[in-house]
Each structure stands twice: as C-alpha cells, then as structure tokens.
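Peer 1: Predicted model and sequence follow; I will ask about them next.
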Amino acid sequence: MKKVLLFAIAALVAMPSFGQSQKVKTAEIVEIQQTSAKKDIEKKTIKRKVAIGRFSNETQYGKGVFYDKANDPMRKQGLDILSAKLQQSGKFILLEREDLDVLVKEAGADMQKIGADYIILGSITEFGRKNEGQQKVFSSTKTQVVEAGVSIRIVEVSSGLIIYSGEAKGLAETTTKEVMGIGGTAGYDATLSDKAISAALSQLVENIINECTDSPWRSYILDIDEDGNYIISGGASQGLTAGDKFNVYSKGKIVKNPQSGMNVELPGKKIGTVTVVATLPDTKPENEISLCKYEGESLDREKLLEKYYILND
C-alpha cells in the first residue's frame, strides 16, 4: 500500500515539471516564428525599371490595306491598359518607349543604354465581335460579345534574352432584354473592346510581375568621384535609401554555348559591398544615381562598367 502511495506522489510531482517543459518549447517556437517574420519584413523591395515598347495590332483587321497603324485606337488601348495595371501593382517604374526599335538600333549590343531593367513587348493577336439574340412571342434578348487575344514578351536588358512569353484571351459581353415592347435597346457598345483586352491582360499581369521581380535587382558602378564616393545607378524612386547595403560582383567569364551558338556569362564572384550614403534626385527615374561607400577588393577604375555589377541578393 505504501509503495502505491509513493508512486502516486511521485507522479504528481513530475506533472508540473512536464508542463513547464512544454511551455518552454512553445515559447521557443513562437520566438523562431517572430524572428522569421521580422526577416521577411526587413527584406528590401526595389522597384524595377520597365520599358513598355511597341504594342502592335496583329489581327486581320490590323493588316488591312486601308488600316492606319499610326492612329490605331486598339493598339493604344492595349498599351494604356497594360501601363495602368503594372502601375497599380506598385512594383515598377514605367518608361514608355514607343520608339523602341530606334533605341535598340542605336544601342546595338549595349542594350543598357535603353535605361531599363526589362522591356515588355505586346500585341493584340485576335479580336472579334458578334451579336447573339433570341426572339420569342412576347420578348427578345440581344447579347453583344467581344473576344480579344493578347501576347506578351519580356526581354531582359542585361542579357538581351526573352525571359517570358505568354498569351491569353479575354471575353466581354452585355445583354439587353425587351418584353412586350418595353425594355432596353442598344447599339454596339464600344467599351466592350476595352473590357475584353483588359480581361486578357489581367491573366498575364501576375506572370509579368513574378518574372520581373523574382531575379535580384541589378545595378552598376558608374564612376568614382573626387571624394571617394562610388556612384551607382538607381535612386529614391526605386526605393533606395541611405544605409542600404548591396553586394558587388566581378563579372564571370564569357563562354560560347555550342548548342545555341550564343555567348553565356558565367556566375560572377562576390568581391565587396556598397552602402548607400545619399540618393541624388533627377527629373527622370532612369537617370537617378546614388552615392555609396565601398568595402572589399580593389577595383579597376578604368573598367567599372565592363568588369563589375551590383546585386541585392
């Protein structure tokens, strides 16, 4: 009997200890979760500079003999809708470049002269409208349907490669009904073309955002001033602030891929860091610069653009 009593007392004594152990573990888990969340908040978000180039009309209507390409409202609709959707995301600085063909020709192999991280090219590939109706003894309905197809390509300026290509279709419709001669009647609704193009682009915008923001933000050392400040591209409009620190890499070796025949730049080597001291404003976001302090291996001052780049990884 005494043995049973002693065993029961020992069990009761052990129970609080077990509870305390559980509380400690729970506290550790919460602390880890809070630390992880804090790191996510502290992660720097930098707006990408995106040039929206030509937005063409590749439909049969757009290829007509009497088609005025310079004043095509459908082409302008696509450009305006895409610009608005990307602007609303808050992740880009938009640079409209309708003269992109001329800029690319002038830049030649040096695509960075365009002043953007990415170039977006769009086209309307399909467009059609139709009327559907149903006539009954005492009522009638009329449905106007517009369907549009769009295609988007994203070109990475630093490499000149197409990193994303996608197509999507959008549908917009409106219905009017008349009963016993009472009800709505309507002619062609011109806003349906906007809605159809917008519906198609909405399916691609998330992919555009992901493709342009998944890769680390890249910048370059432009020069070194008399005070020893390292001048880099990028400024306040992109989200850079004093105290931001980025890694500096020496460019990797350029090799030719025998399968594609194209030159490939191998991964670079981290050689130092730059810390932003001040951002200098400019009337154009693509011309903004920041003053930085550099720490790391010595750099070749004569070939800063050719040999080095900066990443926010």
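Peer 2: Now that the structure is in, tell me what you want to look at. If you're wondering where the values come from, they're calculated on a predicted model, not measured in any experiment. Numbering: from 1, shown residues only.

Peer 1: So which residues of this structure form helices?
Peer 2: In the chain, the helices defined using DSSP state H lie at 2-42, 73-89, 100-107, 191-214, 304-307.

Peer 1: Report the mean per-residue pLDDT for the third one.
Peer 2: For helix 100-107, mean pLDDT rounds to 55.

Peer 1: Tell me who's in contact with residue 201.
Peer 2: Applying Cβ atoms under 8 Å, 6 or more residues apart in numbering to residue 201 gives the contacts 78, 81-82, 85, 150, 152, 168, 170. C-betas here are computed from N, CA, C, even on glycine.

Peer 1: Considering the residues you listed, which is situated nearest to residue 115?
Peer 2: Relative to residue 115, the closest of the contacts of residue 201 is residue 82; by Cβ to Cβ it sits at 18.9 Å.

Peer 1: so how many other residues sit close to residue 284?
Peer 2: By the criterion of other Cβ atoms under 10 Å, residue 284 has 10 neighbours.

Peer 1: One more: residue 153?
Peer 2: 15.

Peer 1: wait, doesn't it sit right on residue 125?
Peer 2: No - Residue 153 lies out of contact with residue 125 (Cβ atoms under 8 Å); the separation is 11.9 Å.

Peer 1: Identify the contacts common to these two.
Peer 2: In contact with both residue 153 and residue 125: no residue, using Cβ under 8 Å, 6+ apart.

Peer 1: Please name the residues that touch the residue lying closest to residue 78 once chain neighbours are set aside.
Peer 2: Leaving aside its sequence neighbours, residue 78 sits nearest to residue 55 (Cβ to Cβ, 6 or more residues apart in numbering; 4.5 Å). Contacts for residue 55 (Cβ under 8 Å, 6+ apart) come out as 75-76, 78-79, 82, 121-124.

Peer 1: circling back to that earlier point, looking at the helices of the chain, which one has the lowest mean pLDDT?
Peer 2: helix 2-42 (a mean of 43).

Peer 1: okay, now the nearest residue to residue 304 once chain neighbours are set aside: neighbour count?
Peer 2: Leaving aside its sequence neighbours, residue 304 sits nearest to residue 221 (Cβ to Cβ, 6+ apart; 4.5 Å). If you count neighbours by other Cβ under 10 Å, residue 221 ends up with 21.

Peer 1: I'd like to know how far residue 221 sits from residue 299.
Peer 2: Using Cβ to Cβ, to the nearest Å, one gets 7 Å for the distance from residue 221 to residue 299.

Peer 1: can you list residues touching both of these two?
Peer 2: 248, 308.

Peer 1: Do I have it right that residue 235 meets residue 284?
Peer 2: No - counting by Cβ under 8 Å, residue 235 stays clear of residue 284, with 10.3 Å between them.

Peer 1: residue boundaries of the strands in the stretch 201-313 of the chain?
Peer 2: For the stretch 201-313 of the chain, the strands defined by DSSP state E, counting those that start in this stretch cover 218-219, 221-224, 230-233, 245-250, 254-256, 263-265, 269-280, 289-296, 308-311.

Peer 1: Pairing partners for the last one, with directions?
Peer 2: Strand partners for strand 308-311, identified by DSSP bridges, are recorded as strand 218-219 (antiparallel), strand 245-250 (antiparallel).

Peer 1: average pLDDT for it?
Peer 2: 94.

Peer 1: For it, give me every contacting residue.
Peer 2: 216-221, 232, 246-251, 268, 271, 274, 299.

Peer 1: at 10 Å instead, please
Peer 2: 158, 215-221, 230, 232-234, 246-251, 265, 268, 270-274, 292, 299-300 (Cβ atoms under 10 Å, 6 or more residues apart in numbering).

Peer 1: Mind checking which of the residues you listed are buried?
Peer 2: 217-221, 230, 232-234, 246-251, 268, 271-272, 274, 292, 299 (16 or more other Cβ atoms under 10 Å).

Peer 1: quick one: the residue nearest to residue 205 when sequence neighbours are not counted and residue 94, what's the gap?
Peer 2: Spatial nearest neighbour of residue 205, chain neighbours left out: residue 85 (4.9 Å); criterion: Cβ to Cβ, 6+ apart. The gap separating residue 85 from residue 94 is 11 Å, by Cβ to Cβ.

Peer 1: Excluding sequence neighbours, find me the nearest residue to residue 256.
Peer 2: In space, residue 256 is closest to residue 263, 5.5 Å off (Cβ to Cβ, 6+ apart).

Peer 1: Need the per-residue pLDDT for the one you found.
Peer 2: 78.

Peer 1: what about residue 125, neighbour count?
Peer 2: By other Cβ under 10 Å, neighbour count at residue 125 equals 18.

Peer 1: That one: what's it in contact with?
Peer 2: Contacts of residue 125 (Cβ under 10 Å, 6+ apart): 56-59, 62, 148-151, 167-169, 200.

Peer 1: I'd like to know which of those residues are buried.
Peer 2: 56-59, 62, 148-151, 168, 200.

Peer 1: which of those sit farthest apart?
Peer 2: Between any two of those (Cβ to Cβ), the greatest distance is 18.2 Å, for 62 and 168.
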